[in-house]
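Asks: Only the shape, not the letters, is given here:
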C-alpha cells in the first residue's frame, strides 16, 4: 500500500440536476469499469474513493453503480456495518462507509486487505477516516452541492484510473 | 427455566436473567456510547475489548441482583447475529463456553427476534399474530409474525435505516450522537408547518422504505437557511428538526397501516431504538385506535439493545427443546425469515 506518486491531469466534471442524473453517473461508471476489466487481464481490483458531505448524493451514486453491475434490490447503507458485500456480482463489489470509524487501524482488525484481492470493485465512502490503512484510489469522485443540483468531479489518480475515465468518456 | 441472556452485537453490553415462571429477575446494561462519542464514532475492535472487560463483572452483578448462584441458571442465551463480527464473537464465545463449563444448554439468539419479542416482557404483552415494525440505527423492517420463529419480511429500507437518518440529520444540525433523542427534544419547540419534508415512497405501492433522500432534503434546507457559522438560527433548526421527525414518523405510520391492512392483523408491535420516539408512539396509537387496532412496545430501556430480550427469546427456544451444538457460530448477516419455528 505504498504512496502513489502518479500525477494525473485527467478529470471529468459533471453537473447532476437531480437523483436520476446521479444514478446515471454511477451506471455509466460501472460500464466503464466492466469494459476495462474485459479488455485487460486485470487481476487487481479497482478502488474508488467517494467523497461528499452528508446528503450530497453518495448513496444515490452507489445505487447507480451497483444497479449498473446488475444488482437488484436494496442498497443498504453500510454506515453501521462498515461494509456491505455484493459477492454475487461480477466483478464483486464491496461498498464501504467509514463514517463511523474512529481509528483507521480498526480496518486491520476487520481484515481490510482481503477485500482488495482479485478482481473486485471497492467503493469507499469517507475514505479520510481510514487514512494510512487503505490502498490508494484509482479514481476519486467528489460530489458537492451546487444548487439546485450537485456537481461531480471525477479524477483519475493513476493509469488504471485513466483507462476507466477514458472508457467513461468514450 | 431460568436463562442468562448475553447481548454484545454492537456497542452495548447487556446481561439479564429471565425466569419462565417469575419473569425478569435481573438486568444490567453497560453502554459504550460515551466512549465512542469521545472518538467520534464506533470502534469495533475497542467495542469487542470492552465487552470482554464488562461481561464477567456484569454476570456476577445480575446473579447478585437476583440473589442466585451459578447453579440456579438452567441455560444460557447469547446474541449470535446480526451485528459486528468481533462484538458478536465475544458474547457468543463467552456464553457458549460458560454453558459448557456449567453443563447447561446454550442457544444463539437472533438480535432482531430479541427486539421483536421485547414487548413480551411487559405486563400487557401482545398476542400472536402481529405485524412488527423493527426500527433502529441499523434496521428498518416490517415483519409479519405468526408465532415465535415464523416470520415473513413484508418490507424494509432500501438504503438508510430510520435511526441512521435521525443520526445524520442530527449531525447536520450539530447535535450529538445518538441523534434520535436530540432531534425529538429540539422538535418540541419547532413550528408545525413551516417546512414540509417529503414522505419517501409513500406514493408507491409496497412496504419498502427509503430514508436516504431525507438526508439530502435536510442538507438542502439547512444550507438554504444557514447563517455565517453554517447553521440556521435556533428556531429554524427546531423547525427543521420538527419537519424531519414528522416526515419519518408519518412515513413509518403510513407503511404500518398498509402492512396491517395487507395482513388483516389488528396488532402492531414496534421495537428497536426508534420505537422509543414519543411522537412515533403517539401517532401510531391514535391512528390504530381509529381502526380498532392496538400498538405494543417495550419500556424505554428495552427499546434499545439489552440482555433481557435475549434472555427471553432464548428461554422460549430452550423451553421448546432447541439448543446449539458446541461450535460457536456467529452470523453478521442473518435474514430473519430463515429462523426456525418453535416446534
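Replies: Perfect, I can see it now. Keep in mind it's a predicted model, so treat the numbers as computed, not measured. Residues are numbered from 1 along each chain as shown, chains lettered A, B, ... in the order given.

Asks: contacts, neighbours, all on C-alpha from now
Replies: Will do.

Asks: what's the nearest residue to residue B:65 if we skip its chain neighbours?
Replies: residue B:26 (5.9 Å; C-alpha to C-alpha, 6 or more residues apart in numbering or on different chains).

Asks: And the one you found, how far from residue A:141?
Replies: Going from residue B:26 to residue A:141 by C-alpha to C-alpha, to the nearest Å gives 51 Å.

Asks: One more: residue B:75?
Replies: 52 Å.

Asks: Equivalent analysis for residue B:156, please.
Replies: 29 Å.

Asks: List, one by one, the residues from the stretch 151-300 of chain B near chain A.
Replies: With C-alpha under 8 Å from any C-alpha of the partner chain as the criterion, the stretch 151-300 of chain B meets chain A at residues B:157-161, B:168, B:172, B:212-219.

Asks: Could you rerun that using 10 Å?
Replies: Taking C-alpha under 10 Å from any C-alpha of the partner chain as the criterion, the stretch 151-300 of chain B approaches chain A at residues B:156-161, B:164, B:168-169, B:171-172, B:208-210, B:212-220, B:223-224.

Asks: Among these, which ones are in strands?
Replies: The strands in this structure, assigned by DSSP state E, contain residue B:156 from these.

Asks: Give the ChimeraX command for selecting the buried subset of the residues of the stretch 151-300 of chain B next to chain A.
Replies: Applying 16 or more other C-alpha atoms under 10 Å in any protein chain shown to those leaves a buried subset, and the ChimeraX line that selects it is:
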select /B:156,157,158,159,160,161,164,168,169,171,172,208,209,210,212,213,214,215,216,217,218,219,220,223
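
Asks: which residues make contact with stretch A:70-77 from outside it?
Replies: A:27, A:30, A:59-60, A:62-67, A:83-84, A:86, A:88-90, A:93, A:95-97, B:138-139, B:156-161, B:164, B:208-210, B:212 (C-alpha atoms under 10 Å, 6 or more residues apart in numbering or on different chains).

Asks: Mean pLDDT per helix and strand in chain A: which one sits at the bottom?
Replies: helix A:106-109 (a mean of 82; mean pLDDT, DSSP states H and E).

Asks: Now do that one: which elements does it pack against?
Replies: With contacts defined as 3 or more C-alpha pairs under 10 Å, 6 or more residues apart in numbering or on different chains; DSSP states H and E, the packing partners of helix A:106-109 are helix B:44-65.

Asks: buried ones in the helix it packs on?
Replies: B:44-48, B:50-52, B:55, B:58-59, B:61-63.

Asks: sec struct for residue 114, please.
Replies: By default, I'm working from chain A. helix (DSSP: H, G, I helix; E, B strand; the rest coil).

Asks: check whether stretch B:47-61 contacts chain A.
Replies: No. Stretch B:47-61 does not reach chain A (C-alpha under 10 Å from any C-alpha); its nearest approach is 10.7 Å.

Asks: what's the offset of stretch B:86-97 from the middle of its chain?
Replies: 20 Å (C-alpha atoms, centre = their mean, to the nearest Å).

Asks: Ok, stretch B:126-139 next?
Replies: With C-alpha atoms, centre = their mean, you get 9 Å for stretch B:126-139.

Asks: Could you pull out the helices in chain A for me?
Replies: A:19-39, A:58-68, A:106-109, A:159-169 (DSSP state H).

Asks: Pick the most deeply packed of these.
Replies: Stretch with highest mean neighbour count among these: helix A:58-68 (a mean of 24; mean count of other C-alpha atoms under 10 Å in any protein chain shown).

Asks: so what does it touch, helix or strand wise?
Replies: Counting by 3+ C-alpha pairs under 10 Å, 6+ apart, helix A:58-68 packs on helix A:19-39, strand A:46-51, strand A:92-97, strand A:120-125, strand A:139-146, helix B:212-224.

Asks: Next, format the ones you listed as CSV and append distance to residue B:332 and mean pLDDT.
Replies: Compiled in CSV, the helices and strands packed on helix A:58-68 are given as follows (distance: least, C-alpha to C-alpha, whole Å; pLDDT from 0 to 100):
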stretch, distance to residue B:332, mean pLDDT
helix A:19-39, 28, 94
strand A:46-51, 24, 96
strand A:92-97, 15, 94
strand A:120-125, 20, 95
strand A:139-146, 29, 95
helix B:212-224, 23, 92
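
Asks: I'd like these laid out as JSON lines, including distance to residue B:97.
Replies: Shown next, in JSON lines, are those (distance: least, C-alpha to C-alpha, whole Å):
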{"stretch": "helix A:19-39", "distance to residue B:97": "47"}
{"stretch": "strand A:46-51", "distance to residue B:97": "41"}
{"stretch": "strand A:92-97", "distance to residue B:97": "33"}
{"stretch": "strand A:120-125", "distance to residue B:97": "37"}
{"stretch": "strand A:139-146", "distance to residue B:97": "47"}
{"stretch": "helix B:212-224", "distance to residue B:97": "41"}
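
Asks: Which one, of these, ends up nearest to residue B:9?
Replies: strand A:92-97 (18.8 Å; C-alpha to C-alpha).

Asks: Does that closest one reach chain B?
Replies: No. Shown here: strand A:92-97 not in contact with chain B (C-alpha under 10 Å from any C-alpha), separated by at least 11.9 Å.

Asks: just the angle between that strand and strand A:46-51, please?
Replies: 20 degrees (axes from the mean of the first three to the mean of the last three C-alpha atoms, to 10 degrees).
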